[in-house]
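Undergrad: this one's sequence-less:
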């Protein structure tokens, strides 16, 4: 009897989910079409033919990462809590694509947010919390999250903790290096690197924790991958069952070693790298950086490099190497069916935009796409969505009107992009047929 | 969270004290019209070149800094206020939370103690008279005096 009752409830719940999904989000998995209408100017974005965009929400604060539930609800993490609220839950109750209902909770700033199973996971710059979700994937008790991991290093620089979960109950969290290149004197011209770099013990890597165990600290976690200076964008690739991350490469080669690097070289080097990680991966920071023009791992000048000497024979090679300093803050493997076949299982990367390319103009401020086939990049990356920063070239990052940060996929296959300047949530759709 | 507020408190109090000081320019030592180093205008010209070399990548050509990371130099008490504190930041560096108009900045400022006193004076004179700022220039002697208290 009890079994039967449960079964009925389940069926009703499933049916309800299906109904609400199709009402709110134009139907999950409906190939090649959505009911949502783009804004007349595509929200100011330049997109490939056939795509449109709308501002789903605006002026939300410093919206960092984003996660969309299976019924189209949107959770966004704010960099700093506003009126003691650091998490927003956004709903589009009439299905026009525009957010028309907003609630907020979570009295801490941060970057990471991720919905997995029955829980919403969110991070401050030191801790990981979780909130139980109800059948509509709404947080049941916003005032009383459970503390999953606590006490992660936050020494201001590279402080954000971004997270993703796999399908086996593990959380992966980035702990950024509190340094540019592990110099004895951080960011000081000519200062050499510490040998070995002491930061690697507790930061500059990805740590793995259990999703269902509370109050974990460093001792409970596994240093899953090391030699990663700072990662903000990361995603679990479900087709490969593998963690992919985007590293923010080191800054200021010319400022720190003017006799070895010209301003021009320093504006483009080193690469911003995508890595496919395995447990135990070492990506080489601070000892090496990747030169995307020479396609080589180079010894860092702090460790005796001169722009010509290679190094890091045992360090991972990047899967994709982008030009320097563009700050990849979001990574998403696209699994939806709304976008054309080409995009299936490929990677979207949100570049926040550079600051240390002076005297050149700043670069980035766009979302790129990397096609994948059989688990490997299949062709060169291309700019997918541009125009976030505004019409002109960006001389200084403060000039950018919007800066892409987080990425998420909606249940109907729409692509969501957050902006942490004005707090805009963009929704990119493939046009209604 | 609380620790962090406590860490910022002295800065904020410092900023308040500095703002009080700025409102009474009469109490500041008058800047000599002519200096052996070429005077205010020449200092600012030299400072611009030095700024381009040592400061521009973090603080940007227009002094607006980088959101969340490197503080702006535009009309803040850190720049316009107490010169001793400002000189001290260049000589010692700064690796603590800086709050300006409600925003916080995370990157550390490296010490520029390797620069000569005159170079630091020139850079600060430029910064205090650029990006919409208007304040007295800084002399090498003032930098020397602060350096003596640090060593």
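TA: Yep, it's here. Note that the structure is a prediction, hence the values are computed from the model and not measured. Numbers count the residues shown, from 1 in each chain, chains lettered A, B, ... in the order given.

Undergrad: What ranges does the stretch 1-150 of chain A have for its helices?
TA: A:2-25 (DSSP state H, counting those that start in this stretch).

Undergrad: which parts of it sit against chain B?
TA: Taking CB under 8 Å from any CB of the partner chain, the part of the stretch 1-150 of chain A that reaches chain B is made up of A:79, A:80, A:108. Glycine gets a C-beta too; all of them are placed from N, C-alpha and C.

Undergrad: who touches the second one in this structure?
TA: If I follow you right, that is residue A:80. A:61, A:62, A:86, A:109, B:104 (CB atoms under 8 Å, 6 or more residues apart in numbering or on different chains).

Undergrad: what's the closest of these to residue A:215?
TA: Residue A:215 lies nearest to residue A:86 out of the contacts of residue A:80, by CB to CB, at 20.4 Å.

Undergrad: low-confidence ranges in chain B?
TA: B:1-38 (pLDDT under 70).

Undergrad: what about 50?
TA: Across chain B, residues meeting the criterion (pLDDT under 50) sit at B:1-36.

Undergrad: and it, which residues reach chain A?
TA: Residues of chain B lying near chain A (CB under 8 Å from any CB): B:1, B:52, B:54, B:56-58, B:60-62, B:64-70, B:72, B:93, B:95-97, B:104, B:106-108, B:110-111, B:114.

Undergrad: Cross those against strands and list the overlap.
TA: If you go by DSSP state E, the residues of chain B next to chain A have residue B:104 in strands.

Undergrad: From the residues of chain B next to chain A, keep the buried residues only.
TA: B:54, B:56-58, B:60-62, B:64-70, B:72, B:93, B:95, B:104, B:106-108, B:110-111 (16 or more other CB atoms under 10 Å in any protein chain shown).

Undergrad: Can you name the residue of the stretch 201-350 of chain A nearest to chain B?
TA: Closest contact between the stretch 201-350 of chain A and chain B, by CB to the nearest CB, is at residue A:255 (5.4 Å).

Undergrad: Just say helix, strand or coil for that residue.
TA: Following DSSP: H, G, I helix; E, B strand; the rest coil, we place residue A:255 in the helix state.

Undergrad: surely it meets residue B:55?
TA: No - counting by CB atoms under 8 Å, residue A:255 does not reach residue B:55; the two are 9.6 Å apart.

Undergrad: in the stretch 301-433 of chain A, what spans have low per-residue confidence?
TA: In the stretch 301-433 of chain A (pLDDT under 50), the answer is A:433.

Undergrad: so how far is residue A:76 from the nearest residue to residue A:410 once chain neighbours are set aside?
TA: Spatial nearest neighbour of residue A:410, excluding adjacent residues (CB to CB, 6 or more residues apart in numbering or on different chains): residue A:68 at 4.7 Å. Separation of residue A:68 from residue A:76 (CB to CB, to the nearest Å): 10 Å.

Undergrad: And the two? Which one has more around it.
TA: Taking other CB atoms under 10 Å in any protein chain shown, residue A:68 and residue A:76 do not tie; residue A:76 has more neighbours (30 against 24).

Undergrad: was I right about the more buried one contacting residue A:418?
TA: Yes - Residue A:76 lies in contact with residue A:418 (CB under 8 Å); the separation is 6.3 Å.

Undergrad: list residues touching both of those two?
TA: Common neighbours of residue A:76 and residue A:418 are listed as A:63, A:64, A:65, A:66, A:406, A:425 (criterion: CB under 8 Å, 6+ apart).

Undergrad: what are the ranges of the helices in chain B?
TA: B:2-22, B:39-54, B:56-59, B:77-80, B:83-92, B:117-127, B:140-150 (DSSP state H).

Undergrad: out of the ones you listed, nearest to residue A:285?
TA: helix B:56-59 (19.9 Å).

Undergrad: what does the closest one rub up against?
TA: A:251-252, A:255, A:355-356, A:358-359, B:51, B:65-66, B:69-73, B:107, B:109.

Undergrad: at 6 Å what do you get?
TA: Contacts to helix B:56-59, defined as CB atoms under 6 Å, 6 or more residues apart in numbering or on different chains, come from residues A:255, A:356, A:358, B:65, B:70, B:73.

Undergrad: Would you convert these into TSV that also reports distance to residue A:199?
TA: Shown next, in TSV, are the contacts of helix B:56-59 (distance: CB to CB, whole Å):
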residue	distance to residue A:199
A:255	20
A:356	20
A:358	26
B:65	25
B:70	21
B:73	29
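
Undergrad: give me every residue that touches residue A:126.
TA: Contacts of residue A:126 by CB under 6 Å, 6+ apart are A:152, A:154.

Undergrad: Then residue A:360?
TA: By CB under 6 Å, 6+ apart, the residues touching residue A:360 are residue A:267.

Undergrad: same question, the one 10 residues further on
TA: Residues in contact with residue A:370 (CB under 6 Å, 6+ apart) are A:320, A:346, A:347, A:377, A:381.

Undergrad: partner residues bridging it?
TA: residue A:347 (DSSP bridges).

Undergrad: thinking again about what came up before, by neighbour count, which of the shared contacts of residue A:76 and residue A:418 wins?
TA: Going by other CB under 10 Å, residue A:65 tops those with 31 neighbours.

Undergrad: Quick check: that one vs residue A:420, distance?
TA: 10 Å.

Undergrad: Touching stretch B:117-125 from outside, list them.
TA: With CB under 6 Å, 6+ apart, stretch B:117-125 has contacts from B:37, B:43-44, B:46-47, B:50-51, B:90, B:137-140, B:143-144.

Undergrad: my bad, stretch A:341-352
TA: Against stretch A:341-352 from outside (CB under 6 Å, 6+ apart): A:239, A:326-334, A:364, A:366-372, A:403-405, A:407.

Undergrad: I'd guessed residue A:74 sits against residue A:92; true?
TA: No - the criterion here is CB atoms under 6 Å, and residue A:74 misses it with residue A:92 at 8.1 Å.

Undergrad: now, which of the shared contacts of residue A:76 and residue A:418 lie within strands?
TA: Under the assignment DSSP E, the shared contacts of residue A:76 and residue A:418 contribute A:63, A:64, A:65, A:66, A:406, A:425 to strands.

Undergrad: Beta-bridge partners for the fourth one, please?
TA: According to DSSP bridges, residue A:76 are recorded as the beta-bridge partners of residue A:66.

Undergrad: Next one: it from chain B, what distance?
TA: Residue A:66 is 18 Å from chain B, where distance means CB to the nearest CB, to the nearest Å.

Undergrad: give the contact list for that residue.
TA: Residue A:66 touches A:76, A:406, A:408, A:416, A:418, counting by CB under 6 Å, 6+ apart.

Undergrad: and it, how far is that from residue A:113?
TA: The value you get for residue A:66 to residue A:113, if CB to CB is used, is 7 Å.

Undergrad: just to revisit the earlier point, just send the contacts of residue A:80 back as CSV, with distance to residue A:223 too.
TA: Shown next, in CSV, are the contacts of residue A:80 (distance: CB to CB, whole Å):
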residue, distance to residue A:223
A:61, 33
A:62, 29
A:86, 27
A:109, 26
B:104, 29
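
Undergrad: Name the member of those residues with the most neighbours.
TA: That'd be residue A:86 among these, by other CB under 10 Å, with 26 neighbours.

Undergrad: ok, and the closest non-adjacent residue to that residue?
TA: For residue A:86, ignoring the flanking residues on the chain, the nearest one in space by CB to CB, 6+ apart is residue A:106 at 4.4 Å.

Undergrad: Same question for residue A:355.
TA: Nearest one to residue A:355, counting by CB to CB, 6+ apart, is residue B:66 at 4.2 Å.

Undergrad: now swap in residue A:139 and tell me
TA: With CB to CB, 6+ apart as the criterion, residue A:139 has its nearest non-adjacent residue at 4.3 Å, and that residue is residue A:131.

Undergrad: what does residue A:429 give?
TA: residue A:34 (4.7 Å).

Undergrad: was I right about the one you found contacting residue A:431?
TA: No - contact status for residue A:34 versus residue A:431: not in contact, 8.1 Å apart, counting by CB under 6 Å.

Undergrad: Quick one: the strands in the stretch 51-200 of chain A, in order.
TA: Using DSSP state E, counting those that start in this stretch, the strands of the stretch 51-200 of chain A run over A:51-57, A:63-68, A:74-82, A:85-91, A:101-105, A:113-116, A:119-123, A:128-132, A:146-149, A:163-165, A:170-175.
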